[in-house]
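**Student:** Based on what follows, work out the 3D shape:
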Amino acid sequence: MGWQVNNLVPHPKTAEYKSNFLRIKRAAFFGSSGDTCINPQLSRVFEFLSKDQKTWIPMKESQVYAEDTFGLASMDKRGDLVIKAPPGYGHMAWLGDQTLWDTCVVPLLAAW
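**Tutor:** Sure thing, here's the model as predicted:
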């Protein structure tokens with residue numbers, strides 16, 4: 001299913017999936033290497049593990065970004081994509097760590 005959602009494998013709704021994603025005006029994605037609930041930890045900020053699962057592939061070097069399979073690169077190029085991935089924060093820190101909230105989330109709310 002992930003291959004279909006990311007449009008890595010062509011399917012009957014490939015264009016529709018990309019079009020729908022690009023209808024989003026602005027998007028912010030948050031994650032951290034300290035997350036023990038999401039596995040792999042940085043997948044929610046579009047970083048991927050290599051096939052041997054030893055090295056991280058940064059978002060801009062990933063296949064989905066390089067080929068713009070679902071519009072991630074397009075959204076980034078138009079300035080409407082925000083990625084925040086401060087290291088070492090656990091999954092629930094986004095709800096309870098005031099410093100994390102104040103430095104990563106509040107500035108976006110004020111700007112948008």
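**Student:** This protein: helices as residue ranges?
**Tutor:** Remark: helices assigned in the chain by DSSP state H are 2-5, 14-22, 63-66, 72-77, 93-96, 98-100, 106-111.
**Student:** Include mean neighbour count, mean pLDDT and distance to Asn39 when you put the ones you listed into CSV, please.
**Tutor:** (Each C-beta comes from the backbone N, C-alpha and C, glycine too.) As requested, these are exported to CSV (neighbours: other CB atoms under 10 Å; pLDDT from 0 to 100; distance: least, CB to CB, whole Å):
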stretch, mean neighbour count, mean pLDDT, distance to Asn39
helix 2-5, 12, 68, 13
helix 14-22, 14, 96, 23
helix 63-66, 15, 96, 18
helix 72-77, 18, 98, 21
helix 93-96, 13, 92, 17
helix 98-100, 12, 95, 20
helix 106-111, 10, 89, 26
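**Student:** Distance to Asp35 for these - can I get that in JSON lines?
**Tutor:** Below are the helices of the chain laid out as JSON lines (distance: least, CB to CB, whole Å):
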{"stretch": "helix 2-5", "distance to Asp35": "18"}
{"stretch": "helix 14-22", "distance to Asp35": "23"}
{"stretch": "helix 63-66", "distance to Asp35": "20"}
{"stretch": "helix 72-77", "distance to Asp35": "20"}
{"stretch": "helix 93-96", "distance to Asp35": "9"}
{"stretch": "helix 98-100", "distance to Asp35": "12"}
{"stretch": "helix 106-111", "distance to Asp35": "19"}
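**Student:** wait, which of those helices is closest to Phe29?
**Tutor:** Proximity to Phe29 (CB to CB) singles out helix 72-77 among these, at 9.8 Å.
**Student:** Alpha carbons only: can I get the closest one in CSV?
**Tutor:** Extracted as CSV, the C-alpha positions of helix 72-77 are listed here (Å, rounded to 0.1, in the frame of the first residue of the first chain):
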residue,chain,number,x,y,z
LEU,A,72,6.6,16.5,-2.3
ALA,A,73,9.3,18.3,-4.3
SER,A,74,6.7,20.6,-6.0
MET,A,75,5.3,21.6,-2.6
ASP,A,76,8.8,22.3,-1.3
LYS,A,77,9.8,24.3,-4.4
